[in-house]
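Q: Quick one: sequence and predicted model below, then my questions.
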Amino acid sequence: MRRSPAPALLAAGLVVMWSSGFVGAELGTRHAPAETLLAWRFLVVAGPLAAWCLWARARSRGGRTRAARTGAEGPPGSGPGGGRARGGRMTGRDAAGHAAVGALAQAGYLYGVFAAAGAGVAAGTVALIAALQPLVATALAVPLLGERVRPRQVAGLALGLAGVGLVVGADLRAPGAAPWWGYALPVGAMLSLVAATLLERRLRPGGSPAQALAVQCGVSAVLFTALAAATGTLAPPADPGFWAAVAWVVVLSTVGGYGLYWAALARFGVARVSALLYLTPPTTLLWSLLMFGDPVGAAALAGLAVCAAAVVLVTAAGPGTGRAGLRRASARAGRRGPPSREPR
């Protein structure tokens, strides 16, 4: 039977869109401080997302009302068999979960990445440090989420780490203008994304992807606007290059990157998404070549090949992660206390 191209397209889209964020950070901080760029990034995207969700909710209510009059639907919010439909109405508890995830995955992660770019750390170096997230997330997913990681996947993850080391090793060894604390910023960003990934997989808050992204972007807009106002950097520059950078990070990095990240996480599991993120450093170098004319040397090409081999090892390891592991984790949690919700 012919395989669907959807998983491959999802994986490729995630790598490209996620990599665009590192380039967007360097592009935007050439025109304004990181706080200004991040505040306007989320102010621009939060409003339309919230309006879309309100419109979709009103349309859904109208559809349920018409269906109820004809007797064609069960209780509101129910799915087949009376269960809650995936992507249904978001409860207050769901919104709180998405808010916590957004504070970590967007506010915490992005501030570290953009502040590092503003401090002069090269995009490739930031991508390398952020690419350590897979090892940490996968290691913690075993005890916390009950996901099973096979030896072949472990080997792939280790190979991926070696690959990203090849890609930006020369940059790390070269003397740079960035201060020492600039390299600590992407480390903190990586740990914030690890926490967000594990929290989302543990809570599995309900609602559609658009609703989740709207809540997360709304929280980030509040946090970054407050930070920019407190530091006196909220006023945007008149430079058209700044607004081009805002459009770049809104369309490619926020809508594309985060939307595909959570979609891939739900479909593939932590370990496989972690392996795909190993492709972001070499892809970032390709972005930098196209955008800024940065040369791509032999080390970058070798690292790209090693990262590709690592992804093959992890993604071809068979079903050992994802929903099955979460069901085992939910069963263990049920024995310890109140039953957990079944993953959707």
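A: Happy to help now that I have it. Numbering: from 1, shown residues only.

Q: worst-scoring helix or strand of this protein, pLDDT-wise?
A: helix 323-336 (a mean of 42; mean pLDDT, DSSP states H and E).

Q: Identify the residue nearest residue 100 in space, chain neighbours excluded?
A: Nearest residue to residue 100, sequence neighbours excluded (Cβ to Cβ, 6 or more residues apart in numbering): residue 199, at 6.3 Å. For the C-beta atoms, the positions are set from N, CA and C on the backbone; glycine is no exception.

Q: Quick one: the helices in the stretch 51-200 of the chain, in order.
A: For the stretch 51-200 of the chain, the helices defined by DSSP state H, counting those that start in this stretch occupy 92-102, 109-118, 123-130, 133-145, 151-173, 184-203.

Q: and the first one, which residues are buried?
A: Within helix 92-102, the residues that qualify as buried are 94-95, 97-102, counting by 16 or more other Cβ atoms under 10 Å.

Q: these two touch, right, residue 39 and residue 220?
A: No - using Cβ atoms under 8 Å, residue 39 makes no contact with residue 220, being 9.2 Å away.

Q: and the nearest residue to residue 239 once chain neighbours are set aside, how far is that from residue 230?
A: For residue 239, ignoring the flanking residues on the chain, the nearest one in space by Cβ to Cβ, 6+ apart is residue 31 at 5.0 Å. Distance of residue 31 to residue 230, given as Cβ to Cβ, to the nearest Å: 21 Å.

Q: Kindly export stretch 182-201 (C-alpha atoms) in CSV.
A: Included here for stretch 182-201 are C-alpha records, laid out as CSV according to Å, rounded to 0.1, in the frame of the first residue of the first chain:
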residue,chain,number,x,y,z
GLY,A,182,25.7,35.4,25.9
TYR,A,183,26.3,31.7,25.5
ALA,A,184,24.4,31.0,28.7
LEU,A,185,21.2,32.5,27.2
PRO,A,186,20.5,29.8,24.7
VAL,A,187,21.3,27.2,27.4
GLY,A,188,18.5,28.7,29.5
ALA,A,189,16.3,28.8,26.4
MET,A,190,16.9,25.1,25.6
LEU,A,191,16.0,24.1,29.2
SER,A,192,12.8,26.2,29.0
LEU,A,193,11.7,24.4,25.8
VAL,A,194,12.5,21.0,27.5
ALA,A,195,10.2,21.9,30.4
ALA,A,196,7.5,23.1,28.0
THR,A,197,7.7,19.9,25.9
LEU,A,198,7.4,17.6,28.9
LEU,A,199,4.6,19.7,30.5
GLU,A,200,2.5,19.6,27.3
ARG,A,201,2.9,15.9,27.0
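
Q: in which helix or strand would I find the residue nearest to residue 98 when sequence neighbours are not counted?
A: Once flanking residues are discounted, residue 98 sits nearest to residue 215: 4.0 Å by Cβ to Cβ, 6+ apart. Using DSSP states H and E, residue 215 sits within helix 209-230.

Q: Against which helices or strands is that helix packed?
A: helix 34-70, helix 92-102, helix 109-118, helix 259-268 (3 or more Cβ pairs under 8 Å, 6 or more residues apart in numbering; DSSP states H and E).

Q: Could I get the ones you listed in CSV, plus columns for mean pLDDT and distance to residue 144?
A: Converted to CSV, those look like this (pLDDT from 0 to 100; distance: least, Cβ to Cβ, whole Å):
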stretch, mean pLDDT, distance to residue 144
helix 34-70, 79, 29
helix 92-102, 91, 15
helix 109-118, 92, 19
helix 259-268, 85, 15
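
Q: Can you name the element that comes right after the strand or helix carrying residue 286?
A: Using DSSP H and E, residue 286 maps to helix 280-292. For helix 280-292, the following helix or strand on the C-terminal side (DSSP H and E) is helix 298-315.

Q: now that following helix: mean pLDDT?
A: On average, the pLDDT along helix 298-315 is 76.

Q: can you check stretch 194-210 too?
A: When pLDDT is averaged along stretch 194-210, the result is 84.
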